[in-house]
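Peer 1: The sequence and its predicted three-dimensional model are supplied below.
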Amino acid sequence: MAKAKLDKEKLLWMYRMMLLIRRFEERTAQMYGMQKIGGFCHLYIGQEAVGVGTVAAMKKGDYLISAYRDHGHILAMGTDPKPVMAELFGKATGVSKGKGGSMHLFDNEKGYMGGHGIVGGQIPLATGMAFAIRYKKSNQVVVCSFGEGAVHQGAFHESLNLAKLWNLPVVYLIENNRYGMGTPLERASAVWDLSQKACSYDMARATVDGMDVLQVNEAMKEAIERARQENQPTLIEARTYRFRGHSMSDPVHSHYRTKEEVEEQKERDPISSFQAYLLDKKILTKKMADTIEDEIKKEVMDAVKFAEESPLPSLESRFSDVYA
Amino acid sequence: MAEITFREALNQAMAEEMQRDENVYLMGEEVGYYNGAYKVSQGLMEKFGASRVIDTPIAELGFAGVGIGSAMVGLRPIIEMMTFNFSILALDQIINNAAKLRYMSGGQFKIPIVFRGPGGSAHMLAAQHSQCLDPWFCNVPGLIVMTPSTPYDGKGMLKTAIRDDNPVIFIESESMYGFKGEVPEEEYLIPIGVGDIKRGGSDITLVAWNKMVHVAMEAAAILEKEDIEAEVIDPRTLKPLDEQMIVTSVEKTNRCVVIEEGWPYAGVGAEIAARISALAFDSLDAPILRVSSEDLPMPYAHNLEKEVLPSVDKVVRAAKKVLYI
């Protein structure tokens, strides 16, 4: 683990949030199996340290935008799990009123700008928000998360060029989980070290262990500072791994990766390693860990209950929110 | 009333709206220092500065998305497509983001953005620079599509588009920028979804927009010499369509020809014909005909290009066919 430079409260928040995301998604998988949730559903399990380490470095008023593997991001931004689960259930009480689903979670009030389904499509949007921040001379920062699959899209390259050209306060975060669906990075990318892409645009860059929440947090704090103080963008690659399939319809391991590989990666579990670190530093006790586990279990069950009991969207509601 | 060119009318609309609301800005290729590829943004950079009139690299997908992202957090961008041919590179942003973000988020965002620039054919530019993409945008829920035919309409419609809280596709015409028309000094706005009767008549309805209005007007003048009074309807907004104005006209004339610059297959003309059939079938004395561009990529050679496009002659012939003369 990287050395913690954070107060106890923040460290415990990080631990708690990673665990909430993990338990929320384990329950999500179960509900998907029971056909309470439909469509494409991409779990973040294994990658929690990236989203949580990132959000822990952000301030109120900053924006986060990400791709379709978004449950972890919206929860980390502070949205109540209840309307998130309700959205997955396609209920009227969902964050997007049942019109978005798993891939399109949004919470504008909390600064979570979505949940985007087209690979790389959110990267120009993030760049535009950063443009607006400069235009309005406000002091916010945008963090834009995407998978390593998105760095091959034109949208990524056009955005990085504009961000550097115009000095925009944005941090681009590659969550490299090694596979674009079933295609490993080495079969998709001409380079292995993805933050090298920043060099083309003379942009600051960093590479971190995405399984280490403290390392992610440190790199993100530095990049956010650079954005806020100097209006300079950064490209960060966080090397992580997804423990589940690409989506719920993809098995954990199949011809594209072996069971052994997945098991080996699970040894790097970001939550258990962080728990061990906190126990070792006596920031967390076994008893506290048990209490947190119980609280989270209840919080997730309450979310499921809320989703379960919420009404379906009215049929008339399909006509609203098309135009302002 | 002063007589000004189409480009001046559009320029005035942008300048007035930028003056009125500091959140309005203009972004695109060559809009600033160069004063616009077609000089529509002439003088705007001088007036409003480089922070509000922003030159971009050639990256349509990127800057279209930048516009949309900035609209999500409260700005009101005008994104100039040097021509709509290049908007094809930006379609993912326009269709998947601008048109859908409000819906997918359950109404959490407004996307007040205008994508404007010339569409349709121009002279001898061949297949990639001379095409009418109106129906592509009309097919997408969440977008508004406006396309003016006169300087007066252009100014009033563009001001409305900029003030609207939705994404508006605003299609102008390269070959009309020099057209002159009367534009009042005082402020006026032309509402979305309201057509205009460009010429009254009782024998046949000609529906046309953008520069096809002028083809229809010329055809109507020829028909008049043969004592045929054509009514020319310019819907001005293609989505949402002023179908009531068209239906009312057809109920009076009982005959209709739709003139469009786009390709016939799944075009806006097909949509209009379908709506008339559904809403005014009993009024029709003849099938509705369409005069479109031929279903071909645009050829370069002048004689071929002329043949492919709708013409006054083709409109007159179609009108006579539905009049059975």
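Peer 2: Structure's in. What do you need? Numbering: from 1, shown residues only, chains lettered A, B, ... in the order given.
Peer 1: partner residues bridging the spatially closest residue to B:E80 that is not a sequence neighbour?
Peer 2: Here the nearest residue to B:E80 in space, its sequence neighbours aside, is B:G28; by C-beta to C-beta, 6 or more residues apart in numbering or on different chains that works out to 3.1 Å. (Each C-beta comes from the backbone N, C-alpha and C, glycine too.) For B:G28, the residues forming beta bridges with it (DSSP bridges) are B:D55, B:E80.
Peer 1: got the residues of the stretch 151-300 of chain A near chain B?
Peer 2: Remark: the part of the stretch 151-300 of chain A in contact with chain B comprises A:G154, A:A155, A:E158, A:S159, A:N161, A:L162, A:L165, using C-beta under 8 Å from any C-beta of the partner chain.
Peer 1: Neighbours of A:G154, how many?
Peer 2: Neighbourhood size, A:G154 [other C-beta atoms under 10 Å in any protein chain shown]: 16.
Peer 1: what separates the nearest residue to it once chain neighbours are set aside from B:P118, distance-wise?
Peer 2: For A:G154, the nearest residue in space outside its immediate sequence neighbours is B:L61; the separation is 5.9 Å by C-beta to C-beta, 6+ apart. When C-beta to C-beta, to the nearest Å is applied, the distance between B:L61 and B:P118 equals 19 Å.
Peer 1: quick one: which of these two has more around it?
Peer 2: The residue with the greater number of neighbours, taking B:L61 and B:P118 and applying other C-beta under 10 Å, is B:L61; the counts read 26 against 23.
Peer 1: That one and A:F156 touch, don't they?
Peer 2: No - with contact defined as C-beta atoms under 8 Å, B:L61 does not count as touching A:F156 (10.4 Å).
Peer 1: ranges for the helices of the stretch 1-150 of chain A?
Peer 2: Taking DSSP state H, counting those that start in this stretch, the helices of the stretch 1-150 of chain A run over residues A:8-33, A:48-55, A:71-76, A:81-88, A:122-135.
Peer 1: How about the residues of the stretch 1-150 of chain B by chain A?
Peer 2: Selection of the stretch 1-150 of chain B residues close to chain A by C-beta under 8 Å from any C-beta yields B:25, B:51, B:56-57, B:59, B:61-75, B:92-93, B:96-97, B:101-112, B:141-142, B:144.
Peer 1: Narrow these to just the buried residues.
Peer 2: The neighbour-count criterion (16 or more other C-beta atoms under 10 Å in any protein chain shown) marks B:25, B:56, B:59, B:61-73, B:75, B:92-93, B:96-97, B:101-112, B:142, B:144 among these as buried.
Peer 1: For A:F243, grab the count of nearby residues.
Peer 2: What A:F243 shows, counting by other C-beta under 10 Å, is a neighbour count of 18.
Peer 1: my bad, should have said B:P148
Peer 2: 29.
Peer 1: any idea which element the closest residue to it other than its chain neighbours lies in?
Peer 2: The shortest distance from B:P148 to any residue that is not its chain neighbour, by C-beta to C-beta, 6+ apart, is 4.0 Å, and that residue is B:G154. B:G154 belongs to helix B:151-163 when assigned by DSSP states H and E.
Peer 1: Same question for A:D321.
Peer 2: In this structure, A:D321 sits in neither a helix nor a strand according to DSSP H and E.
Peer 1: Tell me who's in contact with it.
Peer 2: Shown here is A:D321, whose contacts under the criterion C-beta atoms under 8 Å, 6 or more residues apart in numbering or on different chains are A:K97, A:K99, B:R102, B:Y103, B:S105, B:G106, B:G107.
Peer 1: now swap in A:G98 and tell me
Peer 2: Contacts were defined as C-beta under 8 Å, 6+ apart; by that measure A:G98 touches A:A86, A:E87, A:G90, A:K91, A:A92, A:L312, A:P313, A:S317, B:G106.
Peer 1: ok, and for stretch A:208-227, which residues are buried?
Peer 2: For stretch A:208-227, by 16+ other C-beta under 10 Å, it's A:208-224, A:226-227.
Peer 1: Correction: the previous question concerned stretch A:136-151.
Peer 2: Of the residues in stretch A:136-151, those buried under the neighbour-count criterion (16+ other C-beta under 10 Å) are A:Q140, A:V141, A:V142, A:V143, A:C144, A:S145, A:F146, A:G147, A:E148, A:G149, A:A150, A:V151.
Peer 1: Just confirm the third one contacts A:L173, I think it does.
Peer 2: No - counting by C-beta under 8 Å, A:L173 is not a contact partner of A:V142; they are 10.6 Å apart.
Peer 1: Quick one: the strands in the chain, in order.
Peer 2: Unless you meant another one, I'm taking chain A. With DSSP state E applied, chain A shows strands at A:63-66, A:112-115, A:142-147, A:170-176, A:179-180, A:183-184, A:204-209, A:234-239, listed in chain order.
Peer 1: Chain B is the one I meant
Peer 2: According to DSSP E, the strands that chain B contains are B:2-5, B:24-28, B:53-55, B:76-80, B:114-119, B:144-146, B:168-173, B:180-183, B:196-199, B:204-208, B:230-234, B:237-239, B:256-259, B:289-291.
Peer 1: Show the average pLDDT along the fifth one.
Peer 2: Same thing as strand B:114-119. Strand B:114-119 shows a mean pLDDT of 98 in the predicted model.
Peer 1: Repeat that for stretch A:8-26.
Peer 2: Computed over stretch A:8-26, the mean pLDDT rounds to 97.
Peer 1: Might you report the residue contacts of the residue nearest to B:P148?
Peer 2: Contacts for B:G154 (C-beta under 8 Å, 6+ apart) come out as B:F6, B:A9, B:L10, B:A13, B:P148, B:E172.
Peer 1: Would you mind giving these as TSV with distance to A:N108 and pLDDT added?
Peer 2: Compiled in TSV, the contacts of B:G154 are given as follows (distance: C-beta to C-beta, whole Å; pLDDT from 0 to 100):
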residue	distance to A:N108	pLDDT
B:F6	38	98
B:A9	36	98
B:L10	33	98
B:A13	30	98
B:P148	34	98
B:E172	33	98
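Peer 1: Can you name the residues in contact with stretch B:292-308?
Peer 2: Residues outside stretch B:292-308 that contact it (C-beta under 8 Å, 6+ apart): B:121, B:123-127, B:130-132, B:259-265, B:267, B:269, B:309-310.
Peer 1: rewinding a little: out of the contacts of A:G98, who has the most neighbours?
Peer 2: Neighbours here are counted as other C-beta under 10 Å. On that basis the top member of the contacts of A:G98 is A:E87, with 31 neighbours.
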